[in-house]
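S.K.: After the sequence you'll find the predicted model.
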Amino acid sequence: MKKFLLSLLAPAVAIVFALAVASLALLATGTNPLDAYQLMWEFGTTSTSIASTVNRAIPLYISAVAVAIGFQMGLFNIGVEGQYLLAALFAGYVGGSIVLWAPLHVAVVLLVAIIVGALWAGIAGVLKTTRGVHEVISTIMLNFIAFSVIAYLLFNNFNNDPTALNLKTPPLPESALIPNLNWVFTALGFSEPRGTEMEGFLFIAIAVGIFYYLLVDRTRFGFELRASGLNPGSSLMAGVNPKRMINITMLISGGIAGLVGLSTMMGNLGAYTQDFPRQLGFTGIAVALLGRNNAVGMAFGALLFGFLDRSALILDLNDIPKEVVQIMQGVIVLSVVIAYEVVNRWIATREIKAAALATREMDDEAEAVAA
């Protein structure tokens, strides 16, 4: 329990430090930090803002899980951005071109996204295991290739109306959409969100988190995954095939990444559009770092980022620079990495001292018995 509480010290210190830095930025603009934070809190805790915060957190959490799968083995999947955009394009086109029974239709859209994301990430895995290409280089290059492929297909093959200013895939039928969860607020006695709908994709995000936890912490594959990341040489001597692990890990990471954009597409957008949300893959890396690749920790990190993004809207309306939120997010990520390292070293030092003390006491007891 004590070790768990100490592990919470790092993110707490990082957040406090980020607030301090953001306060200095606000003071430099002539704004009272306490007034700004009060505005953000009051605006961010309304039922509408809570729904919006959750909606923003859902894709960030799934993106973080996709990145964390690779991190567990020391792989850096920087290509989540291209993987989820390409997967959403194909899933939107396939889903908008057919009509099926509702649960089956939703399952088909999800499956298409998972397959496309997995195959696109799998290219990086194959390049690493066959040609020795580092996954950071290959996934970054694959991002640019994916952006070009998306632009070509959306303009020439997958668009619903070539004359439209905002190109989009065929609209998803009602059977491919996931109902919203606004009823949860009324069921709990709160006012229903206005102008927004809390996405039902939340349940799928929770399922992804449970899958990640069980896979990494409760299966043999997860043990081999973590062991390969900590000590590849020892894992190889123990019979773990590193090339197989790399390929499977990249496929799983890409498959999860394929789900990132579906919360928006199967919610309020109803199609893949030319202005589809971007940068979710890169922000997911920050959330994974903040949550230390822990399923629950990443959930809190995603909610924090979602809350900051949502509450930043009220700053503009009060002539307060909303860029302070971006400063906070950047400082949180940088400081949490440093704080975790400092706390881990402190814990390790305490454990070494405790072990040395216990050894000394045993030696004293042995000498007393011998005497």
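M.R.: Okay, I see it. A quick note: this is a predicted structure, and the numbers were derived from the prediction, not measured.

S.K.: all contacts plus neighbour counts: C-alpha atoms, from now on.
M.R.: Will do.

S.K.: Checking residue 293 next. Helix, strand or coil?
M.R.: coil (DSSP: H, G, I helix; E, B strand; the rest coil).

S.K.: My error: substitute residue 180 in the last question.
M.R.: When classified by three-state DSSP, residue 180 comes out as coil.

S.K.: Next up, phi/psi of it, please.
M.R.: Reported as degrees, to the nearest 10, the phi and psi values for residue 180 are phi -80, psi 170.

S.K.: Tell me which residues touch it, please.
M.R.: 197-200, 267 (C-alpha atoms under 8 Å, 6 or more residues apart in numbering).

S.K.: any idea how far it lies from residue 268?
M.R.: According to C-alpha to C-alpha, to the nearest Å, residue 180 stands 9 Å off from residue 268.

S.K.: Repeat that for residue 17.
M.R.: Residue 17 sits 36 Å away from residue 268, going by C-alpha to C-alpha.

S.K.: repeat for residue 159
M.R.: 18 Å.

S.K.: what does residue 320 give?
M.R.: Applying C-alpha to C-alpha to residue 320 and residue 268 gives a distance of 29 Å.

S.K.: any idea which residue sits dead centre in this structure?
M.R.: Most central in the chain under C-alpha atoms, centre = their mean is residue 64, positioned 2.0 Å from the mean C-alpha point.

S.K.: In terms of pLDDT, where does that one sit?
M.R.: Residue 64 is assigned a predicted lDDT (pLDDT) of 96.

S.K.: Can you check which helix is longest in this protein?
M.R.: As assigned by DSSP state H, the longest helix anywhere in the chain is helix 323-370.

S.K.: one step back: and for residue 180 and residue 268, which residues touch both?
M.R.: Taking C-alpha under 8 Å, 6+ apart as the contact rule, residue 180 and residue 268 both touch residue 197.

S.K.: And the next helix or strand past the helix or strand of the chain with the lowest mean pLDDT?
M.R.: Using mean pLDDT, DSSP states H and E, the weakest-scoring helix or strand in the chain turns out to be helix 232-237, at a mean of 70. Using DSSP states H and E, the helix or strand that follows helix 232-237 in sequence is helix 242-257.

S.K.: Show me what that next one is packed up against.
M.R.: Counting contacts by 3 or more C-alpha pairs under 8 Å, 6 or more residues apart in numbering; DSSP states H and E, helix 242-257 packs against helix 47-71, helix 80-97, helix 102-131.

S.K.: tell me what the longest one is packed against?
M.R.: In this structure, helix 102-131 makes packing contacts with helix 80-97, helix 135-156, helix 242-257, judged by 3+ C-alpha pairs under 8 Å, 6+ apart.

S.K.: In TSV: those helices, plus distance to residue 167 and mean pLDDT.
M.R.: Listed next are the helices and strands packed on helix 102-131 as TSV, based on distance: least, C-alpha to C-alpha, whole Å; pLDDT from 0 to 100:
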stretch	distance to residue 167	mean pLDDT
helix 80-97	12	96
helix 135-156	7	95
helix 242-257	23	94
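
S.K.: Dump those helices into TSV; add mean neighbour count as well.
M.R.: Conversion of the helices and strands packed on helix 102-131 to TSV gives the following (neighbours: other C-alpha atoms under 10 Å):
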stretch	mean neighbour count
helix 80-97	28
helix 135-156	17
helix 242-257	24
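
S.K.: Many thanks, I have nothing further to ask.
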